[in-house]
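>>> make a model of this:
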Amino acid sequence: MISASSQCTKVFRSVLTNSSQFEAYVNRIGRPRFAINCVGDQFDEQGPGLLPDEWLFADDLERLMMDFFAWEARGIRMEWVTPTVSGKPSPRWRVAGLSDYLNKSASHLNAALLGTLCQAMGADGARKAFLEAVFADAGSYGFIALHADRYDHFIEEWKTNDDKAARPADYRADKRFGVVSAVGELGVEHASVQYWASIGWASGWLSEAQLREVGLSYDVLIGQTCVINGLGEVEWIGNIPLPDCDL
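Numbering: from 1, shown residues only. From the prediction side, this is the model:
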């Protein structure tokens, strides 16, 4: 017989590639309080220890995140670093065994009040605070982290994306017209900077390569008329059609 405490710390894991699989699985295991997935670099040897499309679920957040990083198997640990050379940074917590970019979530452990508290609590207290911080800031690391009350909304969004993938022509036929009121940068993909453009009630994306191909630039987008299709692709800027979005 499984004890209540064992059930509380159990971590469920499964490879889920579409919304139907996710919905069926999360309902079957009783909708645990927390879930996480990595959509970033699956091959980072000092990042999450997951398979592609693998999800983890649990009621215990610390146990979930320890399994997410394979904490014990990799020998990951919290270290209290005390510099021995004058002029170096003050004593601080760092995570040994994880990629440096993940140590960003350890930086807040060294703030004056919390740093003193975590030092007093020791490595276990610092680990708990660090893992909670990573979960809370998951999006900045390329992770998807969910509380149970977000499952239904997430499933509906995923179903919409699955439908778009199955019927792209239908969504491209759905046109939204307006004037660009706001723009921003999404990042870099396929060696080209990606931008978003909003027409108020809808937004879409386009790339620097597309703009360059038709002699436009990012800084002239605001105030231009715009056509955005149902897939979120910007098709026209002013009276100029943009080339295919795979440029």
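>>> surely Ser192 is in contact with Ser207?
Yes - judged on Cβ atoms under 8 Å, Ser192 makes contact with Ser207 at a distance of 4.5 Å. No exception for glycine: its C-beta is placed from N, CA and C like everyone else's.
>>> need the strands for the protein, in chain order.
Using DSSP state E, the strands found in the chain span residues 11-15, 34-38, 54-58, 77-81, 92-96, 143-147, 175-179, 182-189, 192-198, 203-207, 225-229, 234-237, 240-241.
>>> kindly reformat the ones you listed as JSON lines containing distance to Ala165.
Formatted as JSON lines, the strands of the chain follow (distance: least, Cβ to Cβ, whole Å):
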{"stretch": "strand 11-15", "distance to Ala165": "18"}
{"stretch": "strand 34-38", "distance to Ala165": "18"}
{"stretch": "strand 54-58", "distance to Ala165": "19"}
{"stretch": "strand 77-81", "distance to Ala165": "42"}
{"stretch": "strand 92-96", "distance to Ala165": "37"}
{"stretch": "strand 143-147", "distance to Ala165": "18"}
{"stretch": "strand 175-179", "distance to Ala165": "20"}
{"stretch": "strand 182-189", "distance to Ala165": "18"}
{"stretch": "strand 192-198", "distance to Ala165": "19"}
{"stretch": "strand 203-207", "distance to Ala165": "16"}
{"stretch": "strand 225-229", "distance to Ala165": "15"}
{"stretch": "strand 234-237", "distance to Ala165": "19"}
{"stretch": "strand 240-241", "distance to Ala165": "24"}
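>>> reformat those strands as a markdown table; add mean neighbour count and mean pLDDT.
Formatted as a markdown table, the strands of the chain follow (neighbours: other Cβ atoms under 10 Å; pLDDT from 0 to 100):
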| stretch | mean neighbour count | mean pLDDT |
| --- | --- | --- |
| strand 11-15 | 16 | 95 |
| strand 34-38 | 22 | 94 |
| strand 54-58 | 22 | 96 |
| strand 77-81 | 15 | 83 |
| strand 92-96 | 19 | 81 |
| strand 143-147 | 17 | 94 |
| strand 175-179 | 14 | 94 |
| strand 182-189 | 11 | 78 |
| strand 192-198 | 18 | 86 |
| strand 203-207 | 22 | 91 |
| strand 225-229 | 20 | 94 |
| strand 234-237 | 20 | 94 |
| strand 240-241 | 10 | 94 |
